[in-house]
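**Q** Next one to model:
(chains A and B)
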Amino acid sequence: MLSVEHIQKSFGSVRALRDVSFSIGAGSVFGLLGPNGSGKTTTMRTILNILNPDAGHVTWNGKAIDRVMRRRFGYLPEERGLYGKMAVREQIIYFGRLHGLHEPEAAKRADAWIERLEIGTYALRPAAELSKGNQQKVQIACAALHEPELLILDEPFSGLDPVNADILLAVLLDLKAKGTTLVLSSHQMWQLEQLCTAYCIINNGETRATGTLAELRAAWPTRLVRVGPDSQALRGAAAGLGATIAGSENGDLDLNVPANSDFAAMLRTFVGADSIVKFEVVEPSLHDIYLRAIGAAA
Amino acid sequence: MNDFITVYSGDLMRRIKSRPFIIGLVLGTLAIVALIKLPTMLAPTIVNQGTKILIVADARIAAQARPMLAKTLTVKGVVPAATTINRALLKRFDADSAVSITEVKTGIRVTIFAKNPTSVPSGRVRTALLPLQVQHSTHLTSAQIAAALNANVEVRSLSTKFHSVHQAEAAQGLAMTLVVLLYLLVMVNSQVVMSAVAEEKTSRIAELLVASVDPMVLLAAKVLVGATLSVLQLVVWVGMGIALGSGAGSAGASSAAANPFSLAGLLGNTLSPEVIAAFIVFFILGFLQISTVFAGVASLINRTEDLGSVSGPMIIPMLVGYFIGILAINAPSLPAVIVTSFVPLLSPFVMFARMAVTQVPPWQIGTSIALNVLALWGIAWFAGKLSRVGMMLYGRPPKLGQVWEILRSPS
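**A** Predicted coordinates:
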C-alpha cells in the first residue's frame, strides 16, 4: 500500500505542496486530479523520491521509499524525453537495465512490448524519427518494462490519438490485472473514470477530496433530481419540499435537494402534485466533484 | 554500484559511437600527425627562406666576404660594386636579396636590397661579416680575428633533473606543448560533459533517469565517461606522437636536435615516465574538478543555447591556471607560481608545468594532489546538490539567490 502523509514541499518562496495526504491500496488504480500548478507533479516526484519532502512522509508497504525500492517503481513524466539518436529497442533495453533487469531478460521483454505497442517497424530506428505518439509508446515501454509494483503516469493520454489512447488503456488494464498499482493524472475525466478505483483531488498543494467515486459522491452535499414534464404544480411541490430549482432542460425540471433527502417520499409528493413521466436522481459526476473540490463551482 | 555501471557503460557506448567523438578522435590524430610531421617537412623551407644572396662589392672585398657568407647563406653570384641593383638583377641570379658591401673609414658598410624585406636574413649577414668589419676597422689578420672572436663558453648543469642545456631547453619546449595539450583536453572534454548533461535535461530525459537512478550516480557516471574518453583520446594522440617521435628519432636523432621545430624530437628524447605520470595525474584531477563543476551548472540551464553564457565565467579559472602554467615553464621558482601550484582548479596546470621543468620537492607534489582530491570532494558535493534539484528545475534560469537556497536545501 502506498501511503502519502501530510507531505509539504517548498522551492524557495514557492510552496508547491502545503499538505497532501492519501493512501492507495495495492493493485488499485488511483487518479490524481488537480488543475495545472496544483502540485500533482511535485507529489509524484516526491513519491518517487526524486524530491525529498520538507515535512511528512511517503511509505510503500509501511516502509520509507529508498533507492532500492525505487527501482521497482516505474514513471512516465508529463514532459516526455528519449535519447533522440538511440534506437528504440536499445533504448527500452537500457531503461530496463536501469531498473535492474539483466540484458537478455530486458531484450526479451523489450521485444514483447514492441510487438504489443505495434512499433516493430521502428524498433531499430532512432527515437527522434518517430512521431510524438509513437515516442510516447516507447516511453511507456521504458517505464513498464520491468513490471513495476507501482507505476506512476503523469498525463499518459496527452498527445495520443484515439486509436493509440485505446492501446494505452488496454495496456494499463493489463498491468492492473497483473497487480501493478497505478497512479495517474489526466485532465480527461472520462478516461480516469474508466480506469480508476479511487481518486485524490488536490489544489494549491492541498488535498481537497480523496476516496473512491462512491465515497466522493457520498460526501457530496446535494443531489440533482430531474423530474418532468415541468409544470407550475411541480414547481410548487418542489418549493414545499425545500428544493431549489437548478434549471429546466428539454421540458424537465432540475432540482437541487439535500443528499440525505427521502427520495421515495419526494416521488410520492410529485406524483400527487401532477402527472409526471420522469423522476431521476442524478449522481454527481467526477467532473462535478472535481470542479467543486477545486473551487471552480459550488 | 549496478546503477553506476549501467549508466556508465550505456553512456560510454553511446558517446564512443557518436559522430562528434569519432570525428574529434580522427581530426585530433590527424592534427598530431601534422604537428609532428609538418614542421619537419617545412623546416628546411622556413630556415632557408630568403637565404639566396648576390654579393655586390669590389673584387677584393667580395673575395673576403664570400667564404664568410657562404657558411650560412647561399651565394648565387658576385657582381661589381657599380652594378645597378634592381629586381631584374636578382631574378637573373635567382637571388632573394643583394648584399652590397663597401669599405668605409670605420670598417665596412653593408646594405641589403631584398625582394621581400620581411624575410631578409640580416642577422646572419651581420654575424657572418663581423670578422670582415673587425678586420677593416682594426687591420688585424684573419687568424688573429678568428682567435679573438672564438670565446670558449661552456655551460655545466647543477640541476639534478637535466644534465645539459639542450635537455633543459627541450624539456621547456615539451612542457609548453603539454600544458597547451592539457588545457585543450580539459576544456574541450569538460564542455562535452557539460553539453551531455544539458542535453539530457533539455530533452527531458533526465526526469526519467532520476526516477530510477540517483542524480549523484548519473553525474558521476557522466563525468567519468568524459574522463575515460579523454584518456582514450590522450592515449591515441600521445601514442601517435611517441610512435612518430621515436620513428623520427631513429631516422634522424641528430636532425631532431638540430631542428627547432621537431616535436617528434622533443617527444622522443625528453618525455620521461615521471612527466607522463604527472601529466596523467594532473589531467585527471583537473578534468574531474572542472567537468564536475560544468556538469553541476549545466543541470541548471533549460536551453542548450545558454551553455555558452554559463560556461564563459567558469573558463576563467582554467585560463588563469593555463597562463600561470605557461609562466611557470620559464620561472618555476616565482613565489606566485609556487603558491598557485597548490590552489585547486589552477594547480593541475601550474604544478604540472613546474614538475616538467624543475625538480619539485615530493612533499609539495603530495600536498598539491591531496588538496586537489579534497577540493574534488567539495566540488562533487556542490555539483551534486545543484544537480539533484537543478535537473528538475524548469522555466526561468535560477538566480544566484535561488542557487544559494538549493545549496542550503536538504535535497
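**Q** Where does the residue nearest the centre of chain B fall, secondary structure wise?
**A** In chain B, the residue lying closest to the centroid (C-alpha atoms, centre = their mean) is B:T177, at 3.0 Å. In the assignment (DSSP states H and E), B:T177 maps to helix B:165-202.
**Q** What residues sit buried inside that helix?
**A** By 16 or more other C-beta atoms under 10 Å in any protein chain shown, the buried positions in helix B:165-202 come out as B:168, B:170-179, B:181-183, B:185-187, B:189-202. (C-beta placed from N, C-alpha, C; glycine too.)
**Q** Within reach of chain A, which of these are there?
**A** B:E200 (C-beta under 8 Å from any C-beta of the partner chain).
**Q** so what secondary structure elements neighbour the helix or strand just after the helix holding B:T177?
**A** Next helix or strand after helix B:165-202 toward the C-terminus (DSSP H and E): helix B:205-210. Applying 3 or more C-beta pairs under 8 Å, 6 or more residues apart in numbering or on different chains; DSSP states H and E, we find helix B:205-210 packed against strand A:73-76, helix A:132-144, helix B:215-258.
**Q** If I average pLDDT within each of the ones you listed, which one is lowest?
**A** Least confident of the helices and strands packed on helix B:205-210, judged by mean pLDDT, is helix B:215-258 with a mean of 73.
**Q** Now for B:P80: which residues touch it?
**A** B:V56, B:A57, B:D58, B:A59 (C-beta atoms under 8 Å, 6 or more residues apart in numbering or on different chains).
**Q** Verify the stated contact: the second one with B:A65.
**A** What it means is B:A57. Yes: counting by C-beta atoms under 8 Å, B:A65 is a contact partner of B:A57 at 6.3 Å.
**Q** With distance to A:L216 and mean neighbour count as new columns, can the helices and strands packed on helix B:205-210 be given to me in JSON lines?
**A** Supplementary listing: the helices and strands packed on helix B:205-210 in JSON lines, determined by distance: least, C-beta to C-beta, whole Å; neighbours: other C-beta atoms under 10 Å in any protein chain shown:
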{"stretch": "strand A:73-76", "distance to A:L216": "25", "mean neighbour count": "25"}
{"stretch": "helix A:132-144", "distance to A:L216": "28", "mean neighbour count": "22"}
{"stretch": "helix B:215-258", "distance to A:L216": "37", "mean neighbour count": "18"}
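**Q** Next, format those as CSV and append distance to B:I290.
**A** As requested, the helices and strands packed on helix B:205-210 are exported to CSV (distance: least, C-beta to C-beta, whole Å):
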stretch, distance to B:I290
strand A:73-76, 32
helix A:132-144, 32
helix B:215-258, 10
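**Q** These: which one's closest to A:R208?
**A** strand A:73-76 (24.3 Å; C-beta to C-beta).
**Q** The closest one pairs with which strands, parallel or anti?
**A** strand A:150-154 (parallel) (DSSP bridges).
**Q** Mind listing residues that contact the strand it pairs with?
**A** Contacts for strand A:150-154 (C-beta under 8 Å, 6+ apart): A:2, A:40-41, A:44, A:47-48, A:60, A:72-78, A:140, A:143-144, A:172, A:175, A:180-185.
**Q** For chain A, which segments count as helices?
**A** Taking DSSP state H as the test, the helices found in chain A are A:40-47, A:67-70, A:88-98, A:103-116, A:132-144, A:162-177, A:189-195, A:213-218, A:232-241, A:263-273, A:286-293.
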